[in-house]
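K.L.:
Structure of the sequence below:
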Amino acid sequence: MQTAKSEIKDPKLTNGHSTPMHGPDHAAGLFDGHSKVGVGVYDGLSALLAAKWHFDFVWVSSFCCSAAAGLSDVGIIGPDEILTVIRCVHRSVSLPIVVDIDSGYGDPVKAFHVVEAMARAGAAALCIEDNPISKRCSLYAGYDRELVSVDEHVARLRAVRAGVSKAGSTCRVIARTEALVAGLGVKEALRRATAYADAGADAVFIQSLDATGSEVLTFGREWRRRTPLFIAPTRLPKITKKEFFAAGISHAIFANQGLRAAYSAIDRTFSTLAGAESAQSVEPDISTVSTVATLVGAQKIVELEALLAQTNGVSAPARVKTPARPVLQPGRKPAGRNGAKAVRKA
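P.N.:
Take a look at the predicted model:
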């Protein structure tokens with residue numbers, strides 16, 4: 001018979017979610033030389049769905065986390081909110097977690113402390129961009145794009161590497177350049193990316209708004225796989241993964257499609273409910289309660305309760321529904337022998 005201690009260590013029962021068994025070097029699976037496809041998440045439920053559909057990694061996106069909080073992606077969400085999401089995702093799934101940390105939330109000293117906390121929380125890789133601290137999402141229109149100098153971003157990268165080292169983590173560092181978004185061209189993007197790799201970045205992230213894909217594909221070919229290369233082709237929906245990988249891009253992220261799909265579904269459902277007489281009008285088109293309960297591990301809570309009851313030497317609590325009290329129709333006699341008989345016949 002197993003001891004109580006060993007039984008409670010059963011990974012399927014520890015938290016009622018999936019089985020998050022992170023290895024000693026969780027980042028190794030992210031950078032194993034093979035092409036990877038990730039998806040943007042912003043809470044435990046979206047992370048569980050990412051695991052269900054076997055994505056290679058998850059991307060904790062500032063765009064998605066900001067939108068989920070009802071805010072614009074302009075640097076309002078801070079490291080504490082992102083840390084909460086990292087911990088939630090890390091608890092729920094065993095996929096590598098890549099975290100969007102914008103431009104580091106402050107000067108290099110602030111970046112050092114933020115990174116140390118996120119590495120300890122379970123991040124497999126942290127992505128820091130060469131936007132100013134007052135960042136504006138690269139997908140938003142109407143902004144003049146100015147980037148910090150190469151030297152300033154290199155200082156950030158050194159602080160990030162020091163923070164990871166302080167945490168004793170194998171977390172990797174991804175340097176993101178917005179040179180193409182700022183209209184500075186492929187040559188400048190390559191110059192910046194080279195400087196960032198030389199400063200110790202484990203990978204480079206290139207962003208572009210060119211829907212033809214020409215800029216990204218050209219950058220990928222000219223980068224020649226000097227480091228792994230990440231993209232989030234939100235504005236390049238027609239370019240295939242095969243095309244990206246052939247150009248030397250190693251990691252592609254569907255960064256915000258999940259949140260945008262959730263927005264459409266909720267908006268459609270609420271619109272119908274606003275004019276409906278009952279919930280039946282939307283039931284055929286939405287998930288059942290049992291479907292959601294299964295994904296979030298409701299049954300595992302029952303198993304955990306039973307296990308805990310055994311380890312305490314008591315029987316598992318019986319969760320038997322109490323029968324509903326009969327409701328008498330008008331004219332029936334109240335409860336009593338005759339009344340009860342009348343109810344049973346009814």
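K.L.:
And residue 127, how close does it get to residue 88?
P.N.:
The spacing between residue 127 and residue 88, counted by Cβ to Cβ, to the nearest Å, is 19 Å. Quick note: C-beta positions are derived from backbone N, CA and C, even for glycine.
K.L.:
neighbour count winner among those two?
P.N.:
residue 127 (27 against 20; other Cβ atoms under 10 Å).
K.L.:
need the contact list for the more buried one.
P.N.:
98, 99, 100, 101, 174, 175, 176, 205, 230 (Cβ atoms under 8 Å, 6 or more residues apart in numbering).
K.L.:
Can you point out the helix or strand that includes the first one?
P.N.:
With elements delineated by DSSP states H and E, residue 98 resides in strand 97-100, which encompasses its position.
K.L.:
quick one: average confidence on the helix or strand following that strand?
P.N.:
As assigned by DSSP H and E, the chain's next helix or strand after strand 97-100 is helix 108-121. Averaged over helix 108-121, pLDDT sits at 95.
K.L.:
Mind jotting down where the helices sit in the stretch 51-200 of the chain?
P.N.:
Using DSSP state H, counting those that start in this stretch, the helices of the stretch 51-200 of the chain run over residues 62-68, 79-92, 108-121, 150-166, 185-198.
K.L.:
Quick one: closest of those helices to residue 53.
P.N.:
In terms of Cβ to Cβ, the element of the helices of the stretch 51-200 of the chain nearest to residue 53 is helix 79-92, at 14.3 Å.
K.L.:
The closest one vs helix 108-121, what angle?
P.N.:
Helix 79-92 and helix 108-121 are oriented at 20 degrees to each other (axes from the mean of the first three to the mean of the last three Cα atoms, to 10 degrees).
K.L.:
I'd say residue 101 and residue 116 touch.
P.N.:
No: in this structure, residue 101 is not within contact of residue 116 by Cβ atoms under 8 Å, at 11.9 Å.
K.L.:
Please say which of these two ends up with more neighbours.
P.N.:
residue 101 (23 against 20).
K.L.:
ok, residue 65 touching residue 42?
P.N.:
Yes: if you go by Cβ under 8 Å, residue 65 and residue 42 touch, sitting 4.9 Å apart.
K.L.:
joint contacts of those two?
P.N.:
residue 85.
K.L.:
So between those two, which is more surrounded?
P.N.:
Neighbours were counted for residue 65 and for residue 42 using other Cβ under 10 Å; residue 42 has more, 27 against 23.
K.L.:
Look up the closest residue to that one, ignoring the ones flanking it.
P.N.:
Nearest non-adjacent residue to residue 42, counting by Cβ to Cβ, 6 or more residues apart in numbering: residue 64, 3.9 Å away.
K.L.:
quick one: contacts for the one you found?
P.N.:
40, 41, 42, 46, 255, 256, 258, 259.
K.L.:
same question, residue 226
P.N.:
194, 197.
K.L.:
Using just helix, strand and coil, how would you label it?
P.N.:
Three-state call for residue 226 (DSSP: H, G, I helix; E, B strand; the rest coil): coil.
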